[in-house]
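> The sequence isn't on hand, but the structure is:
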């Protein structure tokens, strides 16, 4: 990972007059434009909008009116979040040409804190993937900055890839449904944070699965990610599932270490199915925490390990099949010439512009909620979900934070990914899916390297324990450094 | 509980309901992949859920209302600006009743 100034360090340069916001913005835009030819981390670079905003911010600086947690900071936004006036497609051809008339709440809040939106990061179409290889028709697959033959992870692949690659200060707004922030953070060696379900408003997010989607942050370090999170979190009247609890100043409280932190080591995620070198690297990083005063205790999540994948995929596919029903080439996005009946036209548009994985999930999800089968599949998965949540709550009686590898492997080569069946693809989400299904906050932190490729360590906290989770992440960050 | 008997006919029926047209090769490919996936979904039958209520949300939320204040709304012109087909201030869609 290339080093860069932290958000606070860059902001000092702005206030001291050493660097103007415009100069800095020009620097990162030109870097992004160049690197994008090779790495495809962006679907769209909003350079005009970014430069215009940077000039406004410089004026504020001159008038000594500069304020905002993200003042002057270049921010990338995963393509599935609406940015006003900037093409936003969720990586799908069906939304090509769509320029939203409004900002997602997370984007609006980041901008209000002085963020400069530099572009939309690439992803699996609607988030349907683990490797960012399921991009929509006509989109390019993001490449891992450590090795271009390997995946960035998914589905927030462009977000993590650029966070690792850039020499400039940058924070990303990313999104996770089943592990789409943690997985790419792990493969690209950056810090990815997914908060409690409802902590960040989903307004303006192109839904994948409404009861699972969570917006979070991606950055080179814990402090920058914490600043991003506290800027975008909080209740929003436009999202009835957003949580009313007050948002803490995570970034200021980050260095305070929790006393006698108990970390539960999830037994099942250090055994079969996990690359031995990955679990060894993660284990070594955790052992270092013991010398910092943390207590490690083995815990077991047998139900989550066994039934997490089927319960998650059933819920995710069922909800996504309903969410994708609205795309029909009528009011926005890609369209064809108006020919034939309603049904014929919609079928033609959807068949032409949805990618293969989107079609597979729409069909499987529609199966699972068909009359007569809904109870056997969707409802059953929702009941199993309750038991999986209860199992987590039992574990949190023994430890405040749970730890495991983020992914069972290091970033795989594209040639190997091609050979995986859809089911083998889904099975890669073994460690990330349970926390996501339960809506629990979780983070992926770089734990070290296997060869030249980064290995991610995943920490999961209890509901709304973002601060504690960030503090524990910071402990690991320091221990590994 | 009734389970699906997955065959080509059923895939085509669901595809039609989902407004998707699949080629013959897609149907064949999806059929074998989906059979494999449904087998894994069926593992959930091993779990006793007789005492569990479904979790439609991970965290329970109830009675969420906002104040009944008028807010800003996009104009008709703006709304139509994103559509490829519009006429006389309306979205223009395909025919509902064919002659």
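Yep, that arrived. None of the values given here were measured: they were computed from a predicted structure.

> C-alpha from now on. contacts and neighbour counts both.
OK.

> quick one: contacts for the nearest residue to residue A:205 once chain neighbours are set aside?
Distances taken as CA to CA, 6 or more residues apart in numbering or on different chains put residue A:81 closest to residue A:205, at 4.5 Å, once the chain neighbours are dropped. Residue A:81 makes contact with A:88, A:90, A:104, A:107, A:204-206 under the criterion CA atoms under 8 Å, 6 or more residues apart in numbering or on different chains.

> Just the strands from the chain, written as ranges.
Answering for chain A, as no chain was given. A:42-45, A:74-78, A:116-121, A:143-144, A:147-151, A:171-176, A:191-194, A:214-219, A:262-266, A:295-299, A:401-405, A:442-450, A:453-461 (DSSP state E).

> To clarify, I was referring to chain B.
For chain B, the strands defined by DSSP E occupy B:86-87, B:90-91.

> follow-up on the earlier one: so which of the contacts of residue A:81 are in helices?
If you go by DSSP state H, those have residue A:107 in helices.

> quick one: average pLDDT of the longest helix anywhere in chain B?
Ranked by residue count and defined by DSSP H, the top helix of chain B is helix B:24-41. Helix B:24-41 shows a mean pLDDT of 94 in the predicted model.

> Show me what that helix is packed against.
Secondary-structure packing of helix B:24-41 (3 or more CA pairs under 8 Å, 6 or more residues apart in numbering or on different chains; DSSP states H and E): helix A:302-323, helix A:422-427, helix B:8-17.

> One more pass at 6 Å, please.
Counting contacts by 3 or more CA pairs under 6 Å, 6 or more residues apart in numbering or on different chains; DSSP states H and E, helix B:24-41 packs against no other helix or strand.

> Now it: buried residues?
Buried residues in helix B:24-41, counted by 16 or more other CA atoms under 10 Å in any protein chain shown: B:27, B:30-31, B:34, B:37-38, B:40-41.

> ok now it, how far from the chain's centre?
In terms of CA atoms, centre = their mean, to the nearest Å, the centre of helix B:24-41 is set 19 Å apart from its chain centre.

> circling back to that earlier point, make a markdown table out of the contacts of residue A:81 and add neighbour count and pLDDT.
As requested, the contacts of residue A:81 are exported to a markdown table (neighbours: other CA atoms under 10 Å in any protein chain shown; pLDDT from 0 to 100):
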| residue | neighbour count | pLDDT |
| --- | --- | --- |
| A:88 | 28 | 98 |
| A:90 | 29 | 98 |
| A:104 | 21 | 98 |
| A:107 | 27 | 98 |
| A:204 | 20 | 98 |
| A:205 | 24 | 98 |
| A:206 | 21 | 98 |
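
> Find the pair from the contacts of residue A:81 with maximum spatial separation.
Farthest pair in the contacts of residue A:81 (CA to CA) is A:90 and A:107. Separation: 14.8 Å.

> Count residues in the vicinity of residue A:14, would you?
Residue A:14: 19 surrounding residues under other CA atoms under 10 Å in any protein chain shown.

> How about the one 10 residues further on?
The local packing count at residue A:24 equals 19, with neighbours defined by other CA under 10 Å.

> Relative to residue A:39, how far out is it?
According to CA to CA, to the nearest Å, residue A:24 stands 21 Å off from residue A:39.

> Enumerate the residues of chain B near chain A.
Residues of chain B lying near chain A by CA under 6 Å from any CA of the partner chain: B:1, B:19-21, B:41, B:52-55, B:57-58, B:64, B:66, B:82-83, B:94-96.

> let's see it at 7 Å
Selection of chain B residues close to chain A by CA under 7 Å from any CA of the partner chain yields B:1-3, B:14-15, B:18-21, B:33, B:37, B:40-41, B:44, B:49, B:52-58, B:61, B:64, B:66, B:82-84, B:91, B:93-96, B:98.

> Out of those residues, list just those in helices.
Among those, the residues falling in helices (DSSP H) are B:14-15, B:33, B:37, B:40-41.

> Out of the residues you listed, the closest to residue A:250 would be?
Proximity of those to residue A:250 (CA to CA) peaks at residue B:41, which lies at 39.1 Å.

> give the contact list for that closest one.
For residue B:41, the contacting residues are residue A:310, by CA atoms under 7 Å, 6 or more residues apart in numbering or on different chains.

> Tell me which residue is most central in the chain.
Using chain A. By CA atoms, centre = their mean, chain A has its centre lying nearest to residue A:181, at 2.7 Å.

> nope, chain B
The centre of chain B sits closest to residue B:18, judged by CA atoms, centre = their mean, with a distance of 7.3 Å.

> and the residue nearest to the centre of chain A, how far is that from residue A:117?
19 Å.

> Likewise for residue B:61?
In terms of CA to CA, residue B:61 sits 32 Å off from residue A:117.

> Spell out which residues sit in contact with the residue nearest to the centre of chain A, please.
A:156, A:174-175, A:192-194 are the contacts of residue A:181 under CA under 7 Å, 6+ apart.

> Now render the residues you listed as TSV, adding distance to residue A:430.
Output for the contacts of residue A:181, formatted as TSV (distance: CA to CA, whole Å):
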residue	distance to residue A:430
A:156	17
A:174	20
A:175	18
A:192	18
A:193	18
A:194	17
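
> wait, what's in contact with the closest residue to chain B within chain A?
Closest residue of chain A to chain B, CA to the nearest CA: residue A:383 (4.0 Å). Taking CA under 7 Å, 6+ apart, we find residue A:383 in contact with B:49, B:52-55.

> give me the number of residues near the closest residue to residue A:479 other than its chain neighbours?
Excluding the flanking residues, the one nearest residue A:479 by CA to CA, 6+ apart is residue A:288, at 6.2 Å. Counted with other CA under 10 Å, the neighbours of residue A:288 add up to 16.

> so what pLDDT did residue 79 get?
In the absence of a named chain, chain A is used. We have a pLDDT of 98 for residue A:79.

> try again with chain B
pLDDT, read off for residue B:79, is 94.

> can you pull the contacts of it?
For residue B:79, the contact set (CA under 7 Å, 6+ apart) is empty.

> That concludes my questions; thank you for your assistance.
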